[in-house]
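sequence and predicted structure are below.
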Amino acid sequence: MVERVTERTDGVTSERVTESHGADTVVVERRGGGAGILIGLAVLILVVIGGVYLFNQNARENAKTNAVTAAAESVGDAAKDVGDAAKDAAKKID
């Protein structure tokens, strides 16, 4: 029985082929360099960073809205106080 082993690599993927003549057995073994895992991890990190950014942006918008609402309420309360003071002054004149 004759056995021949051939190994090839392109820097990322290595391939090993074992051929045995006589029993007609061929074994092919391929191993990747793990680039797919690195790309998947990078995409996952980008998705997490994007989610955090959008969450924080929404929180900032809510804070701005709450500040504007509070300022508008303060102006409304001040206007009511001025109106009440004007009514009181008009009653004193009469």
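Right, received. Where do you want to start?

residue ranges of each domain in the chain, please.
1-33, 35-94 (automatic domain parsing).

and V75, what helix or strand is that in?
Using DSSP states H and E, V75 sits within helix 35-93.

before we move on, back to that, what would the domains of the chain look like in JSON lines with mean pLDDT and mean neighbour count?
Quick note: C-beta positions are derived from backbone N, CA and C, even for glycine. Rendered in JSON lines, the data for the domains of the chain read as follows (pLDDT from 0 to 100; neighbours: other CB atoms under 10 Å):
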{"stretch": "domain 1-33", "mean pLDDT": "68", "mean neighbour count": "11"}
{"stretch": "domain 35-94", "mean pLDDT": "88", "mean neighbour count": "10"}
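
now V5. Nearest residue, chain neighbours left out?
Excluding its sequence neighbours, the residue lying closest to V5 (CB to CB, 6 or more residues apart in numbering) is T18, at 5.1 Å.

which SS state does T6 fall under?
strand (DSSP: H, G, I helix; E, B strand; the rest coil).

that one touches V17, doesn't it?
Yes. With contacts counted by CB atoms under 8 Å, T6 reaches V17, the gap being 4.6 Å.

mutual contacts of the two, please.
With CB atoms under 8 Å, 6 or more residues apart in numbering applied, the contact sets of T6 and V17 do not overlap.

nearest spatial neighbour of R4, skipping sequence neighbours?
Using CB to CB, 6+ apart, the closest residue to R4 is E19 (4.7 Å).

how about that neighbour, secondary structure?
Assignment for E19 (three-state DSSP): strand.

beta partners of it?
Counting by DSSP bridges, E19 is bridged to R4, V26.

quick one: it from E7, how far?
12 Å (CB to CB, to the nearest Å).

just to revisit the earlier point, any idea how far the residue nearest to V5 lies from L41?
As for T18, its distance to L41 is 33 Å (criterion: CB to CB).
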